[in-house]
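> what's the 3D shape of this:
(one chain, ligands or ions: 1)
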Amino acid sequence: MAAASFIKAPAGQNPRLAIHAPGRGARVVRCSLGAAVGGRTEWLSNCAVLSSKVAALGPHSVNGHAAPAPAPNGSVLDLIPVSGVNGVAKNLPAPLRIADLSPAPMHGSELRVAYQGVPGAYSEKAAGKAYPGCDAIPCDQFEVAFQAVELWIADRAVLPVENSLGGSIHRNYDLLLRHRLHIVGEVQLPVHHCLLALPGVRKENITRVISHPQALAQCEHTITRMGLNVVREAFDDTAGAAEYVANNGLRDTAAIASSRAAELYGMEILADGIQDDCGNVTRFVMLAREPIVPRTDRPFKTSIVFAHDKEGTSVLFKVLSAFAFRDITLTKIESRPHRHRPIRLVDDANRGTAKHFEYMFYVDFQASLAEPRAQNALAEVQEFTSFLRVLGSYPMDMTPMTAGSSSTVTSSDS
Ligand SMILES: O=C(O)C(=O)C[C@]1(C(=O)O)C=C[C@@H](O)C=C1
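Residues are numbered from 1 along each chain as shown. A predicted model of the protein is given here:
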């Protein structure tokens with residue numbers, strides 16, 4: 001199975017967690033859980049040191065110390081330096097210390113939160129909004145953020161699921177189904193895009209604009225209205241695009257990213273607020289290994305995914321009526337084609353069978369799982385469907401979807 005590792009990104013980009021397929025990429029360096037215990041700064045610098053030196057040094061080394069070669073599975077001991085007599089490294093593992101065993105912090109400033117992108121990405125800001133003072137851990141793909149939580153490298157993940165202009169971020173819906181994490185909260189982030197270029201570059205010099213596909217879509221009309229005759233190119237994340245332009249000295253390329261990305265990567269803001277709609281908001285979900293206990297003392301939302309194997313539309317109609325008859329408001333319904341991936345169903349006798357469904361349906365409704373009307377609705381949905389999973393029941397972010405509004409984060413998890 002692929003493992004999550006820290007990589008040294010190309011062309012001097014920020015290191016970030018990446019999926020590591022063994023045998024691929026000589027510069028990929030495994031970063032162990034033990035290294036993560038010391039905090040992100042230390043972890044990042046260890047990883048950065050490792051990844052930048054590994055090609056030159058050959059043997060594994062940490063901060064100048066010789067260290068044992070990483071175990072194939074990246075054990076906790078990977079990064080502990082061991083010196084023998086006369087400075088000769090003996091490949092003996094160092095003993096575990098209490099600090100290596102301390103459980104992951106659940107609250108407060110040391111909560112480790114995985115997000116997709118590099119520092120300056122909107123997802124990093126959303127992570128900080130969801131968990132103020134957290135250690136935000138950059139990951140190069142959404143899937144890596146899921147894995148980081150599953151492998152206890154991070155305590156939470158904060159991932160975008162929907163934008164008011166661009167619509168659903170389908171990849172994360174698919175990953176929610178494939179992974180076993182629970183939605184424990186949501187946060188809405190007003191997204192204010194800037195057009196960034198290297199200092200001294202003028203709009204007339206630009207022939208290419210690069211950014212995350214969602215950001216390109218959110219600014220499509222404004223870019224055209226500005227009279228820019230440019231090709232648009234997709235990049236992994238907005239801040240990563242800015243970093244790429246800066247690191248490669250590209251004077252014909254601009255990036256769409258945040259003002260924080262401009263600051264971090266020494267870029268100039270050529271235009272501010274270039275999103276097509278001033279009410280541009282992205283909704284992020286907060287993910288954890290354990291669900292939270294649903295309550296009724298504040299507005300809650302519940303997210304489910306279901307599938308059925310009967311022909312026609314009547315099942316969908318019945319499912320929706322289970323909510324309508326109980327006056328439960330739906331805030332989202334999304335269908336995703338799913339024919340090529342079987343789902344494992346387990347019966348009452350704990351026997352598993354693989355089943356193919358044409359579509360998966362994702363529904364968000366405004367009620368807490370602690371409310372009898374929500375429990376009754378779900379009991380009914382279960383009767384009509386062949387597969388049903390609750391992705392989470394969590395406090396709603398009540399911030400109105402307007403630009404510039406500062407979101408109050410609602411989660412009993414933070
Ligand atoms: O690229 C970033 O900065 C991200 O955080 C990703 C992302 C997204 O996936 O939608 C997040 C918010 C904005 O909608 C644009 C991009």
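
> pLDDT score for residue 235?
If you check residue 235, the pLDDT there is 94.

> and it, what is it in contact with?
210, 211, 212, 241, 244, 255 (CB atoms under 8 Å, 6 or more residues apart in numbering). For every residue, glycine as well, the C-beta is placed using N, CA and C.

> just checking, the third one touches residue 234?
This points to residue 212. Yes - if you go by CB atoms under 8 Å, residue 212 and residue 234 touch, sitting 7.2 Å apart.

> those two: which is more packed in?
Neighbours were counted for residue 212 and for residue 234 using other CB atoms under 10 Å; residue 212 has more, 26 against 13.

> quick check: the gap between that one and residue 118.
11 Å (CB to CB, to the nearest Å).

> so, low pLDDT: which residues of the protein?
Where the chain drops to pLDDT under 70, the residues are 1-15, 19-91, 94-109, 311-313, 339, 400-414.

> quick one on the thing from earlier: overlap in contacts of residue 212 and residue 118?
residue 237.

> residue 353 - that's part of a strand, no?
Yes - looking at residue 353 with DSSP: H, G, I helix; E, B strand; the rest coil, it is inside a strand.

> the contacts of residue 235 also near the ligand: which ones?
Residues of these in contact with the ligand (CB under 6 Å from any ligand atom): residue 212.

> got a list of what the closest residue to residue 288 other than its chain neighbours touches?
Once flanking residues are discounted, residue 288 sits nearest to residue 184: 4.6 Å by CB to CB, 6 or more residues apart in numbering. By CB under 8 Å, 6+ apart, the contact set of residue 184 is 156, 286, 287, 288, 291, 292, 392, 394, 411, 413.

> next one: phi and psi at residue 184?
When read as degrees, to the nearest 10, the backbone of residue 184 gives phi -120, psi 0.

> would you mind listing what in the stretch 151-300 of the chain touches the ligand?
The interface of the stretch 151-300 of the chain toward the ligand, taken as CB under 6 Å from any ligand atom, is made up of 160, 163, 169, 191, 212, 214, 215, 237, 238, 239, 282.

> of those residues, grab the buried ones for ChimeraX.
Buried residues among these (16 or more other CB atoms under 10 Å), as a ChimeraX selection:
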select :160,163,169,191,212,214,215,237,238,239,282
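
> sorry, back to before: show me which pair in the contacts of residue 235 is furthest apart.
Farthest apart among the contacts of residue 235 by CB to CB are 212 and 244. That separation is 11.9 Å.

> possible to save the residues of the stretch 151-300 of the chain next to the ligand as TSV with distance to residue 224 and secondary structure?
Shown next, in TSV, are those (distance: CB to CB, whole Å; DSSP: H, G, I helix; E, B strand; the rest coil):
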residue	distance to residue 224	secondary structure
160	24	strand
163	19	strand
169	24	coil
191	19	coil
212	18	coil
214	17	helix
215	15	helix
237	23	coil
238	19	helix
239	24	helix
282	22	strand
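
> give me the subset of the contacts of residue 235 that lies in helices.
Judged by DSSP state H, the contacts of residue 235 include 241, 244 as members of helices.

> from the contacts of residue 235, pick the one nearest residue 368.
Nearest member of these to residue 368, counting by CB to CB, is residue 212, at 33.3 Å.

> any chance of the backbone angles for the closest one?
According to degrees, to the nearest 10, residue 212 has phi -60, psi 140.

> swap in residue 296?
Torsion angles at residue 296 (phi, psi; degrees, to the nearest 10) stand at phi -120, psi 10.

> what is the burial count for it?
Neighbours of residue 296 under the rule other CB under 10 Å: 13.

> contacting residues for it?
Contacts of residue 296 (CB under 8 Å, 6+ apart): 368, 370, 371.

> and with 10 Å instead?
Taking CB atoms under 10 Å, 6 or more residues apart in numbering, we find residue 296 in contact with 367, 368, 369, 370, 371, 372, 374.

> can you check residue 310 too?
316, 384, 385, 386.

> and residue 330, by the same measure?
Listed by CB under 10 Å, 6+ apart, the contact set of residue 330 reads 320, 323, 324, 363, 364, 365, 366.

> try it again with 8 Å
320, 323, 363, 364, 365, 366.

> what helix or strand is the third one on?
Residue 363 is located in strand 359-365, with elements delineated by DSSP states H and E.

> what is the nearest of the contacts of residue 235 to residue 111?
residue 212 (25.2 Å).

> contacting residues for the closest one?
117, 234, 235, 236, 237, 238, 241, 256.

> one more: residue 214?
160, 163, 166, 169, 282.

> hmm, residue 217 and the third one touching each other?
I take that to be residue 166. Yes - if you go by CB under 8 Å, residue 166 and residue 217 touch, sitting 4.6 Å apart.

> from residue 355, how far off is residue 206?
Separation of residue 206 from residue 355 (CB to CB): 51 Å.

> of these two, who's got more company?
Neighbour count, other CB under 10 Å: between residue 206 and residue 355, residue 206 has more, with 20 against 13.

> neighbours around the nearest residue to that one once chain neighbours are set aside, how many?
Excluding its sequence neighbours, the residue lying closest to residue 206 (CB to CB, 6+ apart) is residue 254, at 4.8 Å. Residue 254: 31 surrounding residues under other CB under 10 Å.

> quickly list what residue 254 is bridged to.
residue 209 (DSSP bridges).

> and it, what does it touch?
Residues counted as contacts of residue 254 (CB under 8 Å, 6+ apart) are 195, 196, 197, 201, 206, 208, 209, 210, 230, 245, 270.

> so which of those residues is the most crowded?
Counting by other CB under 10 Å, top hit in the contacts of residue 254: residue 196 with 30 neighbours.

> elements contacting the one helix or strand that residue maps to?
For residue 196, the element it lies in under DSSP H and E is strand 194-197. The contact analysis (3 or more CB pairs under 8 Å, 6 or more residues apart in numbering; DSSP states H and E) places strand 194-197 against helix 238-247, strand 253-257, helix 259-265, strand 268-272.
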